[in-house]
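1. could you look at this predicted model? Sequence included:
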Amino acid sequence: MSSTPNQAAEAAKLMKNASAFLLDIEGTTTSISFVKDKLFPYVRENLATYLKENWAEASFQGVLKKLVEQAKADVEAKMEGAVALDDEEESPEKAQDAVKNNVLWMMDADRKAGALKLLQAQMYVKGYEAGSLKGHLYDDVEPQFKKWNEDGKKIYIYSSGNVEAQKLLFKNSEAGDVSALIADYFDTDMGAKVEKESYTKIAEKIGKPIGEVLFFTDIVKEADAATEAGMPVILLEREGNAPLTEADKTKYTVISSFKIEVEEEEVPAKKQKLDVDAKPAEEEKKAEEETMEVQLEEKKVEEKETETEISEEKKESNSTNGVHHKNGTEEKTNGSEDKSNGEEKESNGTEEKTNGESKEEEKSEESAAQKTVSPTKKVVTDEAAGDAPQVAAE
């Protein structure tokens with residue numbers, strides 16, 4: 001009997017997500033046979049002796065009162081076979097016989113009455129103290145409890161058995177005292193295990209969101225109640241437990257041990273060969289992708305560096321343009337001076353041109369004068385032969 005790979009994986013996931021664990025005892029942490037074949041027979045065999053020896057004890061008188069109240073309620077409810085109890089019996093012997101018959105009737109009917117569980121717990125104390133009883137735990141329970149504690153996840157017990165009886169079982173187990181691994185215990189004082197309100201109360205008592213408390217049980221009706229309350233559930237399929245239907249296994253995650261081993265599904269030989277052949281190609285593809293990622297990163301770095309360089313060049317260019325603008329202003333000023341000098345030169349040129357024109361006019365007049373004088377000289381020359389002194393005297 002073992003969990004399927006899918007069930008084991010789902011159980012592992014539920015355990016991982018839970019922050020606290022709530023566990024049933026019978027059929028979950030402890031075999032049903034221990035309860036039915038050890039604990040219950042111990043009560044049956046030692047009930048008469050226990051009543052006789054503890055009848056006058058104050059602790060038992062408190063239990064007796066509860067048993068009488070329960071018996072009256074059963075008779076009023078007209079439960080078949082109900083045994084009435086009268087706390088005013090004529091003799092202790094008759095009263096003890098009536099109590100014995102009432103207790104055995106409830107045990108035969110598998111009643112979960114609080115008064116019955118309280119009496120059983122008191123009797124278990126005697127059995128554990130005497131060494132007649134040793135609490136049974138499945139082999140996977142104690143190691144798993146330790147692991148959960150190491151993981152910081154708290155463990156709680158919820159059973160129809162009285163809290164005191166629960167503590168005795170874990171304190172006096174075949175694996176030793178494991179009670180230190182358990183944070184707290186709950187019994188039917190929190191409500192019946194088939195009622196959703198019971199699980200809501202327990203979650204509130206624990207102080208955890210109900211969705212974070214994982215409940216383990218072997219009883220489908222209990223699982224249904226917890227689920228209805230919003231508490232996740234794992235069913236235990238232990239040897240000796242009532243068989244689960246296929247519908248139960250479909251509805252709930254089912255395991256046969258707390259030791260969960262999530263294994264990969266077996267791969268057919270042909271598929272394994274294909275996977276081996278494909279491995280180099282996959283590795284090559286992975287290497288190419290890694291190379292592309294490196295190149296992409298390098299490109300990003302280069303682009304960033306380029307952007308930085310462009311930004312610096314822009315800053316430098318702006319700084320240089322500022323200097324050129326200043327020089328341009330100076331050049332413009334010099335240009336204005338050159339223009340002014342040019343105008344002065346042009347003015348001088350004009351003056352020189354005027355002077356030139358005056359000189360040419362003088363030269364022209366001289367030339368004209370010379371032309372006027374020349375005929376006279378010729379006349380003089382011509383006349384010189386005859387009367388030169390006269391001409392000269394003029």
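-> On my side now, so go ahead.

2. contacts, neighbours, all on C-alpha from now
-> Will do.

3. counting neighbours, what do you get for residue 155?
-> Using other Cα atoms under 10 Å, residue 155 has 20 neighbouring residues.

4. gap between it and residue 195?
-> For residue 155, the distance to residue 195 (Cα to Cα, to the nearest Å) stands at 21 Å.

5. and residue 172, by the same measure?
-> 30 Å.

6. equivalent analysis for residue 124, please.
-> As judged by Cα to Cα, residue 124 and residue 195 stand 27 Å apart.

7. and residue 259, helix, strand or coil?
-> coil (DSSP: H, G, I helix; E, B strand; the rest coil).

8. doesn't residue 185 belong to a strand?
-> Yes: assessed by three-state DSSP, residue 185 belongs to a strand.

9. and the gap between it and residue 173?
-> Separation of residue 185 from residue 173 (Cα to Cα) stands at 16 Å.

10. quick one: buried residues of stretch 48-67?
-> Buried residues in stretch 48-67, defined by neighbour count with 16 or more other Cα atoms under 10 Å: 50, 51, 55, 60, 63, 64, 66, 67.

11. who are the contact partners of the fourth one?
-> Contacts of residue 60 were listed using Cα atoms under 8 Å, 6 or more residues apart in numbering, and they are 54, 119.

12. quick one: it from residue 99, how far?
-> Residue 60 is 12 Å from residue 99, by Cα to Cα.

13. follow-up on the earlier one: neighbour count winner among residue 124 and residue 195?
-> residue 124 (24 against 18).

14. dump the residue contacts of the nearest residue to that one once chain neighbours are set aside.
-> Leaving aside its sequence neighbours, residue 124 sits nearest to residue 165 (Cα to Cα, 6 or more residues apart in numbering; 6.7 Å). By Cα under 8 Å, 6+ apart, residue 165 lies in contact with 120, 121, 122, 124, 125.

15. just confirm the third one is within a strand.
-> No: residue state for residue 122 (three-state DSSP) corresponds to helix; a strand is not indicated.

16. neighbours of it, how many?
-> 18.

17. so what's it scoring on pLDDT?
-> pLDDT, residue 122: 94.

18. again, but for the one 3 residues further on
-> Note on residue 125: pLDDT of 93.

19. now it: which helix or strand?
-> Per DSSP states H and E, residue 125 falls inside helix 114-130.

20. pull out the buried positions in that helix.
-> The neighbour-count check on helix 114-130 (16+ other Cα under 10 Å) flags 114-125, 127-128 as buried.

21. mind checking how far the nearest residue to residue 164 once chain neighbours are set aside is from residue 197?
-> Nearest non-adjacent residue to residue 164, counting by Cα to Cα, 6+ apart: residue 121, 6.1 Å away. Separation of residue 121 from residue 197 (Cα to Cα): 25 Å.

22. ok, now residue 183?
-> Residue 183 sits 21 Å away from residue 197, taking Cα to Cα as the criterion.

23. does residue 177 touch residue 171 like I think?
-> Yes: the pair residue 177 / residue 171 is scored as a contact, 4.2 Å apart, by Cα atoms under 8 Å.

24. so who does the residue nearest to residue 164 touch?
-> Residues in contact with residue 121 (Cα under 8 Å, 6+ apart) are 161, 162, 164, 165.
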